[in-house]
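Q: Quick one: sequence and predicted model below, then my questions.
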Number of protein chains: 2
Amino acid sequence: MLEAAKNEFATKGFDRATMRGIAAAAGVDAALVHHYYGSKDDLFLAALEIPFDPRTVIPALAEVGMDQLGNGIAATFVTLWDVEDNRLPLVAMLRAAMTNEDTATLLRNGLARLVLDTLSQVLDVPDGRMRAQLVASQLLGLALTRYLLALEPLASMPPADVVAAIGPTLQRYVDGCP
Amino acid sequence: MLEAAKNEFATKGFDRATMRGIAAAAGVDAALVHHYYGSKDDLFLAALEIPFDPRTVIPALAEVGMDQLGNGIAATFVTLWDVEDNRLPLVAMLRAAMTNEDTATLLRNGLARLVLDTLSQVLDVPDGRMRAQLVASQLLGLALTRYLLALEPLASMPPADVVAAIGPTLQRYVDGCP
């Protein structure tokens, strides 16, 4: 089912992929897909092999304290990306999104939406989407420079130092900077 | 000559491309290439069609005042990327660097080096390279979210608001954050 889901999301994009279509491609009943994976969002996260669910992790970080949210997001992001097995499917998606409009749409309407919608809901302010996108700009730029381009010394910087560097940036965006 | 240069940089990378090889490919004397374009760095910038030379722009921004450098870099970057004609060759290079190791090396050893070396020289501190790379992480992430993925509302945010949002981030990195 996961292989069918990966294929369906990659070829049709998030919006046009259906649980029914994925079930058909896997040769199983749609009810079985729902039973094992829950919603289409759940299945999408499983297909990406992301070990965190942003819909629970982000609110949990906010519970710790809104004044710690920037550091919490930075620490979660670096923890996720520093492990090669987690990073590889994300790097593949980011690469594909750079060169393929369909995958760019998948990233916008799938992963980015899950993260950005969750974060802007947690922020609960009129410009929450903008603040969340500024957070995303720093995180994706870190992914690019530290992991994809592997610029030194940034690529070998200890995780705690990276969090100390970008955490306050994220906090400022979360708080609404200008 | 510019076409020959673009081709030589793209196929051989920055380090292995030579003025002599570019001249030969263009069917002219190497002295002519030097006369028209100066150094290999100059020719590389011309081939990328970038209207600013980071080797003069960054020191000029620092002259205005080191406490204004973050805003100055942010404003220069947004001014450059907001014009489609300037953006297109940069987007093409960034896209190619995501998917092709040779172009990634070209970006690291060519453009990134020109910008990062210049900025870290201007900063003139032991961890200048790290600070410059943190600046690059925010700028490249902005390029990705505002221009390549075109996330809304960030993609339509007025340039002055973008500068107000990321300028202080860059200033913090320039100042040495932790």
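A: Done, it's in.
Q: does the nearest residue to residue A:48 once chain neighbours are set aside sit in a helix, a strand or a coil?
A: Closest residue to residue A:48 apart from its sequence neighbours, by CB to CB, 6 or more residues apart in numbering or on different chains: residue A:89 at 5.5 Å. Any C-beta I mention is one placed from the backbone N, CA and C, and that applies to glycine too. Per DSSP: H, G, I helix; E, B strand; the rest coil, the secondary structure class of residue A:89 is helix.
Q: burial count for the closest residue to chain B within chain A?
A: Residue nearest to chain B within chain A: residue A:141 (2.3 Å; CB to the nearest CB). Residue A:141 has 23 neighbouring residues, counting by other CB atoms under 10 Å in any protein chain shown.
Q: Run through the residues that contact it.
A: B:136, B:137, B:138, B:139, B:140, B:141, B:142, B:144 (CB atoms under 8 Å, 6 or more residues apart in numbering or on different chains).
Q: tell me the angle the helix or strand in which the second one is found makes with helix A:128-142.
A: Secondary-structure element containing residue B:137, defined by DSSP states H and E: helix B:128-142. Our comparison of helix B:128-142 with helix A:128-142, counting by axes from the mean of the first three to the mean of the last three CA atoms, to 10 degrees, yields an angle of 130 degrees.
Q: Below-threshold pLDDT in chain A: ranges please.
A: When residues are selected by pLDDT under 70, those of chain A lie in A:178.
Q: okay, now the domains of chain A?
A: A:1-47, A:51-175 (automatic domain parsing).
Q: Nearest to residue B:7, out of the ones you listed?
A: Taking CB to CB, domain A:51-175 is the member of the domains of chain A nearest to residue B:7, at 20.4 Å.
Q: Not counting its neighbours along the chain, what's nearest the most centrally placed residue in chain A?
A: In chain A, the C-alpha closest to the average C-alpha coordinate belongs to residue A:111, at a distance of 4.8 Å (CA atoms, centre = their mean). Of all residues not flanking residue A:111 in the chain, residue A:48 sits nearest, at 6.7 Å (CB to CB, 6+ apart).
Q: which residues touch that neighbour?
A: Counting by CB under 8 Å, 6+ apart, residue A:48 has contacts A:89, A:90, A:93, A:111.
Q: how near is it to residue A:116?
A: Separation of residue A:48 from residue A:116 (CB to CB, to the nearest Å) stands at 15 Å.
Q: circling back: if any of the contacts of residue A:48 are buried, put those into a PyMOL selection.
A: Buried members of the contacts of residue A:48 can be picked out in PyMOL with the line below, counting by 16 or more other CB atoms under 10 Å in any protein chain shown:
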select buried, chain A and resi 90+93+111
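Q: Among the domains of chain A, show me which one is buried the most.
A: A comparison of the domains of chain A by mean neighbour count, using mean count of other CB atoms under 10 Å in any protein chain shown, puts domain A:51-175 on top with a mean of 19.
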